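>>> Here's my sequence, what's the structure:
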Amino acid sequence: MPAAFGIGAKTRQNDLDIAFQFSFFTGTSSGENGVAGYGAAGNNTLNIRQAFLSFGDASWGTIKAGRDLGVFGSDAILSDMTLLGVGVGGPAGGSSTLGRIGSGYIYADWKGQIQYASPIFNGFQVTGAVVENFRPGSAYNKDNLGYEAKATYDFAANDVTGRVWVSGITQKSEGTNNYTSRGFDVGAKASYAGASVVGYYYDGEGLDGQTVLGGLFNANGQKSKDSGGYVQATFAVPTIGTKLGASWGVSNSKAANGTSFDIENESWIVGAYHPLTKSLNLVAEYTQQEIKNNAATGSAVKKTENDTISLGAILFF
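Residues are numbered from 1 along each chain as shown. Here you go, the predicted model:
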């Protein structure tokens, strides 16, 4: 993840819980200075991913307005063990690694939105948002809003805790091509005595950006057929606290015309995450990734393989 510094505050006034949050992100990589497309800053710039206010009450719910993580696919990325590591983004460079983005789920991204989250009823909650249009390029207008929604159920029974969720997304794109992106996902996670498992699946049209950056919403600029998911298992070693994990995931994206591209982005990841202190974690990961374009012909690249070993540390304070 990029380095981040957050500023927020909350209080209660006139029977309302009100709050705000600003979070400033910047990468730690020096990038590729001197390479076309990279400036003197090495592609390391300040990115304000969160800037929102919220107000509400436990009796009727919460309204959020501003920029924050999208609703669709948010539980998939927040359940990913590689958030504390590198995942499939090792060879890509840039200011941030990718985790499983594009090889198991679509990036929820940071979106301008107005969101409503209901009260929690016996573990059940629904969330809906009207979001800013994510167009695939300047040849498309931003007149159409996007719509995202999610339902979650949190449970706890006999020392087993977990969550089940479903979410959906729809957005019209008008420009070079006119089409509607739409999709749904379903996922579940459960934990017991230091062990945790996650299962996730998504399906839809016009979702993925495998030809631009895997997992980037709507970047292909067409009504591609997209699907994928991931499974993950982790175990925290008693007394020591080291979390050991393994996961497999894949994302598939096929062109609307059936011939331009047919991409399969598959990866295996194993990792170890050790809490040296309550704030400092040491990280070790190995990733094996294979990207195939089944529609490639002639001299076009048909398969790319990436093997990544990463070692590092992450600090929360």
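>>> Return the set of residues that bridge with residue 183.
Beta-bridge partners recorded for residue 183 (DSSP bridges): residue 169, residue 204.
>>> how close does it sit to residue 207?
5 Å (Cβ to Cβ, to the nearest Å). Backbone N, C-alpha and C define where each C-beta goes, glycine included.
>>> Now the common contact residues for those two.
Both residue 183 and residue 207 are contacted by 106, 169, 226, under the criterion Cβ atoms under 8 Å, 6 or more residues apart in numbering.
>>> from these, which is closest to residue 2?
Nearest to residue 2 among the shared contacts of residue 183 and residue 207 is residue 106, at 19.5 Å by Cβ to Cβ.
>>> wait, the closest one sits on residue 203?
No - between residue 106 and residue 203 there is no contact under Cβ atoms under 8 Å: 10.6 Å.
>>> Which of those two has more residues huddled nearby?
Counted by other Cβ atoms under 10 Å, residue 106 and residue 203 do not tie: residue 106 has more neighbours, with 29 against 16.
>>> any idea how far residue 257 is from that one?
21 Å.
>>> likewise residue 263?
From residue 263 over to residue 257 (counting by Cβ to Cβ), the distance is 14 Å.
>>> same question, residue 14
56 Å.
>>> Which one's more surrounded, those two?
residue 257 (11 against 6).
>>> before we move on, what SS does residue 277 have?
coil (DSSP: H, G, I helix; E, B strand; the rest coil).
>>> Give me the pLDDT value at it.
Residue 277 carries a pLDDT score of 95 in this model.
>>> residues contacting it?
With Cβ under 8 Å, 6+ apart as the criterion, no residue contacts residue 277.
>>> again, 10 Å this time
residue 315 (Cβ atoms under 10 Å, 6 or more residues apart in numbering).
>>> let's have the chain start at 412 instead
Got it, first residue is 412 now, which makes that one residue 688.
>>> Okay, residue 489 and residue 668: tell me how far apart.
Taking Cβ to Cβ, one finds residue 489 at 35 Å from residue 668.
>>> burial count for the closest residue to residue 604 other than its chain neighbours?
Spatially, and ignoring its direct neighbours in sequence, residue 604 is nearest to residue 570 (6.7 Å; Cβ to Cβ, 6 or more residues apart in numbering). Look at residue 570: counted by other Cβ under 10 Å, it has 8 neighbours.
>>> Walking through this protein, point out its helices one by one.
Using DSSP state H, the helices of the chain run over 485-489.
>>> where does it have low pLDDT?
441-455, 501-506 (pLDDT under 70).
>>> that older thread, what residues do residue 517 and residue 614 have in common as contacts?
Common contacts of residue 517 and residue 614 (Cβ under 10 Å, 6+ apart): 594, 596, 637, 639.
>>> Of those residues, which belong to strands?
594, 596, 637, 639 (DSSP state E).
>>> before we move on, the earlier item: what about residue 594 and residue 618, which has more around it?
residue 618 (30 against 23).
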